[in-house]
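J.: Structure for the following, please:
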Amino acid sequence: MLESDNTPVSAGGGPQGASGRPAVPGSPDEAPAGGGGAAVAGQRRLHFPEGPAADPAGSHHERRIRSFRPRRGRVTTGQGEALRRLWSTWGLDIDGREKLDLGALFGDPAMPVVLEIGFGMGEATAQMATADPGTGILAADVHTPGQGNLLSLAERNGLANVRVANGDAIILLREMIEPAALAGLRVYFPDPWPKKRHQKRRLIQPEFIELAVTRLKPGALVHCATDWEPYAEQMLEVLSASSELENTQPDGGYAPRPAFEGPNGRPLTKFEGAGLNKGHVVHDLLFVRR
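T.: The predicted structure follows:
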C-alpha cells in the first residue's frame, strides 16, 4: 500500500528505509478531540474476536501527531490462528486504562523486562528472546501480521519471555508502565520519515526520550539502530542532549554494531542484510540511563 505521495510505508507507518520494513496500521496524523465514534478496546477486533483490538486506545484518544499511520496487512492462516489461540495468553492491548504489573505479566517478579518498539515480523525479537531467556521482551507494534507471526514463533520455540503489545507505544509508556520499571529500551529501524514535512512524525524526539527515561531503571540500556543517515544524526543529537542518559562510547559518537553473540547484541535481519548489500550504512546508538 502507498501513501498519497506514492511513498512506500514501513513498520510503524513511515516510508521504507533500506531495511524494507512492512506496512502497518496506526492512527491519523492528528486525531480530533472527543469520541467521534472511534473504536475502543474490546469493541472492534476485525476477524479475531479474541485477538488484538483494531484501535485499543481509540483513534480519538488524544490530539497528537503520531509516528505511524493506519496500515493493516494481509494476515496468513497461520498468523490468524496464532492470534486467535494465543492473544489472550501472550498479547495485550495498549488501552491506557491501567498500570501493568510486569512481574505478573511475565510470571516472574524478578525477571528484567525490556521494551522493544516496532518489531516488524518478529524474527529478530524471537532470536533475542531465545538467546536471553532470563530477560522478558515486551514487544510493541501495530502490525497485525507481525503480531501473529511473533506469537507463532514464540509458541514454536517455547519462548515464555515474550509478550506482544498492540497499539501506541507512547500511551504504553505514559499510562501503563510504572516509573523505573524497564531494564532497557530497543528501537530498531524505526520509520525514517525522510521528507522534511514528515519529520515531525519521527519517534525519537526530545519529548519521547524525556518520557522514556522516566520508565527506565538506572543502568538500563537504550539501544537504537537506523539505516537512514539523517535520522541517525537526529537520534545522536536527541539522546546526547538528555541529562539522564550517557553515551557508552567515549568519543560521544555511534557504537560499533554489537555482535549478536555478545552483550547487547542484535541479530542481522534479512531486511538489514539487503540494505547492507546495497551499500547502506547502519548506525547503532547505545546509551545508559544514569
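
J.: Where does the nearest residue to Ile171 once chain neighbours are set aside sit: helix, strand or coil?
T.: In this structure, Ile171 finds its nearest non-sequential neighbour in Gly96, 4.5 Å apart by Cβ to Cβ, 6 or more residues apart in numbering. Where you see a C-beta, it was placed from the backbone N, CA and C, and this is true even at glycine. Of the three states, Gly96 takes coil under DSSP: H, G, I helix; E, B strand; the rest coil.

J.: again, but for Gly184
T.: strand.

J.: Would you agree it is in contact with Arg215?
T.: No - contact criterion Cβ atoms under 8 Å: Gly184 and Arg215 do not qualify, at 10.6 Å.

J.: hey, what's in contact with both of these two?
T.: Leu115 (Cβ atoms under 8 Å, 6 or more residues apart in numbering).

J.: for the protein, which strand is longest?
T.: Secondary structure of the chain per DSSP state E: the longest strand is strand 216-226.

J.: right, and the helix or strand after that one?
T.: Next helix or strand after strand 216-226 toward the C-terminus (DSSP states H and E): helix 229-241.

J.: Going by neighbour count, list what's buried in that next one.
T.: Using 16 or more other Cβ atoms under 10 Å as the test for burial, helix 229-241 gives 231-232, 234-236, 238-239.

J.: Show me which of those is closest to Leu100.
T.: Using Cβ to Cβ, Leu239 comes nearest to Leu100 of the buried residues of helix 229-241, at 25.1 Å.

J.: Quick check: the gap between the closest one and Leu211.
T.: Applying Cβ to Cβ, to the nearest Å, the value for Leu239 to Leu211 is 14 Å.

J.: Repeat that for Ile170.
T.: Ile170 is 7 Å from Leu211, by Cβ to Cβ.

J.: between those two, who's got more neighbours?
T.: Ile170 (22 against 14; other Cβ atoms under 10 Å).

J.: Give me the phi and psi for that one.
T.: Main-chain torsions, Ile170, degrees, to the nearest 10: phi -70, psi -40.

J.: quick one: contacts for the most centrally placed residue in the chain?
T.: Residue closest to the average C-alpha location in the chain (Cα atoms, centre = their mean): Ile117, at 1.4 Å. Contact partners of Ile117, counting by Cβ under 8 Å, 6+ apart, are 140-141, 169, 185-187, 190, 203.
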